[in-house]
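K.L.:
how would this look folded up:
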Amino acid sequence: MKIRTLLLVLFILFIAGFVALNFEQILQPTALNFGFTEVLAPLGLVLLGMLALVLVVFLAALVYYQTLHLMEVRRITREATEQRHLADKAEASRFTELRQYLQTEQLATVARERELADKLQLKMDQMQAALTQVIEQTGNGLNASVGELEDRLERQFQPRNDRL
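P.N.:
Numbering: from 1, shown residues only. Down below sits the predicted model:
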């Protein structure tokens with residue numbers, strides 16, 4: 001129990017005990033002046049009635065403010081739930097956008113890789129063709145040099161062989 005509630009209950013029990021102990025004095029009639037008239041009534045009972053009326057008014061006000069507070073809490077909770085749903089939708093759309101962006105980037109990367117691979121293959125084919133040409137030219141040059149050397153050797157050895 002909250003301390004305020006406990007104090008309120010103790011205060012009400014204190015008043016009830018006081019009334020029970022002094023009930024005869026509370027019921028004794030007294031001349032009461034209300035400003036515009038004078039009445040013979042028990043003062044304690046009138047004061048006790050006023051206390052009860054004030055207590056009822058305060059309890060009604062308390063119930064009213066508690067109801068307003070609960071309604072406000074429910075409204076705020078509902079708004080928070082709506083905001084959370086909106087945030088979840090926004091987050092989901094951001095994830096969707098991110099996924100689409102990543103897919104687009106991945107496709108662009110694959111396209112760049114294919115393009116680079118095609119360029120590399122073309123360059124390799126050109127290099128291979130150039131290398132084949134150089135090898136053929138070198139081979140032809142070597143064949144020509146060997147052929148020339150053979151001719152020289154044959155010319156040098158032929159006159160000597162003819163002499164014998």
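K.L.:
For the chain, which segments count as strands?
P.N.:
Ranges of strands within the chain are 29-33, 38-42, based on DSSP state E.
K.L.:
Go ahead and flag the most central residue of this protein.
P.N.:
Central residue of the chain (C-alpha atoms, centre = their mean): residue 91, 6.6 Å from the mean position.
K.L.:
Please tell me how far that residue sits from residue 52.
P.N.:
Distance, residue 91 to residue 52, by C-beta to C-beta, to the nearest Å: 57 Å. All C-beta spots, glycine's among them, are computed from the backbone N, C-alpha and C.
K.L.:
And for residue 17?
P.N.:
According to C-beta to C-beta, residue 17 stands 16 Å off from residue 52.
K.L.:
How many residues are close by residue 43?
P.N.:
15 (other C-beta atoms under 10 Å).
K.L.:
now swap in residue 40 and tell me
P.N.:
Number of residues near residue 40 (other C-beta under 10 Å) recorded here: 8.
K.L.:
Which residues are in contact with it?
P.N.:
The contact partners of residue 40, taken as C-beta atoms under 8 Å, 6 or more residues apart in numbering, are 29-32.
K.L.:
Recalculate using a threshold of 6 Å.
P.N.:
The neighbours of residue 40, taking C-beta atoms under 6 Å, 6 or more residues apart in numbering as the test, are 29, 31.
K.L.:
Any stretches of the chain with poor pLDDT?
P.N.:
Along the chain, segments meeting pLDDT under 70 span 1, 159-164.
K.L.:
can you point me to the longest helix in it?
P.N.:
helix 43-163 (DSSP state H).
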